[in-house]
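Student: prediction below, plus the sequence it came from.
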Amino acid sequence: MLNKLWERLGQIEHIETICTGTLDGIPENSADIIFSFLVFQHCPETLVKKFFVQGYKVLKPNGYYIFQIPIREKHEVVMSRSRATDMVRWTIDELKGLSEVAPYKLINSLDSYLNVWQKHE
């Protein structure tokens, strides 16, 4: 998917793409934006929370964390045969709970397709 991104965007200065299971290797207060699209719905809830906390450390003050998670009325995990494409669907209350693990400021409505949170210190 990263190759597809670069095919579409070409080479753009000052943008770095990372495919990793952790943000630990990224220096604190070094990123303006963290963008995750069509990823978190395939991750266990604990991993999403871990990325949310780690992202807060990595973002510069007033930096943005933009991500997408399917929202449903009830929490749901849909298992696939391969387990590689399990789908986790969150509730709005669960999404609100992310602000308890790291003090971001929500920028848009929780029922938006993309969630935009800002590091606010």
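Tutor: Cool, the structure landed. Numbering: from 1, shown residues only.
Student: which residue is the nearest non-sequential neighbour of residue 98?
Tutor: residue 52 (5.3 Å; CB to CB, 6 or more residues apart in numbering). The way it works is simple: take the backbone N, C-alpha and C, and place the C-beta from them, glycine included.
Student: repeat that for residue 118.
Tutor: Nearest one to residue 118, counting by CB to CB, 6+ apart, is residue 105 at 4.8 Å.
Student: give me the neighbour count for residue 32.
Tutor: 12 (other CB atoms under 10 Å).
Student: contact partners for it?
Tutor: By CB atoms under 8 Å, 6 or more residues apart in numbering, the contact set of residue 32 is 59, 60, 63, 64.
Student: got a markdown table for the residues you listed, with secondary structure, pLDDT and neighbour count too?
Tutor: Listed next are the contacts of residue 32 as a markdown table, based on DSSP: H, G, I helix; E, B strand; the rest coil; pLDDT from 0 to 100; neighbours: other CB atoms under 10 Å:
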| residue | secondary structure | pLDDT | neighbour count |
| --- | --- | --- | --- |
| 59 | strand | 96 | 26 |
| 60 | strand | 96 | 13 |
| 63 | strand | 95 | 20 |
| 64 | strand | 95 | 18 |
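Student: thought residue 116 was touching residue 108, still the case?
Tutor: Yes: if you go by CB atoms under 8 Å, residue 108 and residue 116 touch, sitting 4.8 Å apart.
Student: what comes up buried for the lowest-mean-pLDDT helix or strand in the chain?
Tutor: When the helices and strands of the chain are scored by mean pLDDT, DSSP states H and E, helix 2-9 comes last with a mean of 79. For helix 2-9, a neighbour-count test (16 or more other CB atoms under 10 Å) marks nothing as buried.
Student: who touches that helix?
Tutor: Helix 2-9 is contacted by residues 15, 17, 19 when judged by CB under 8 Å, 6+ apart.
Student: the residue nearest to residue 98: which element?
Tutor: In this assignment (DSSP states H and E), residue 52 forms part of helix 45-58.
Student: what sits against the residue sitting furthest away from the middle of the chain?
Tutor: Within the chain, the residue lying farthest from the chain centre (CA atoms, centre = their mean) is residue 81, at 24.7 Å. Residue 81 makes no contacts at all, as judged by CB under 8 Å, 6+ apart.
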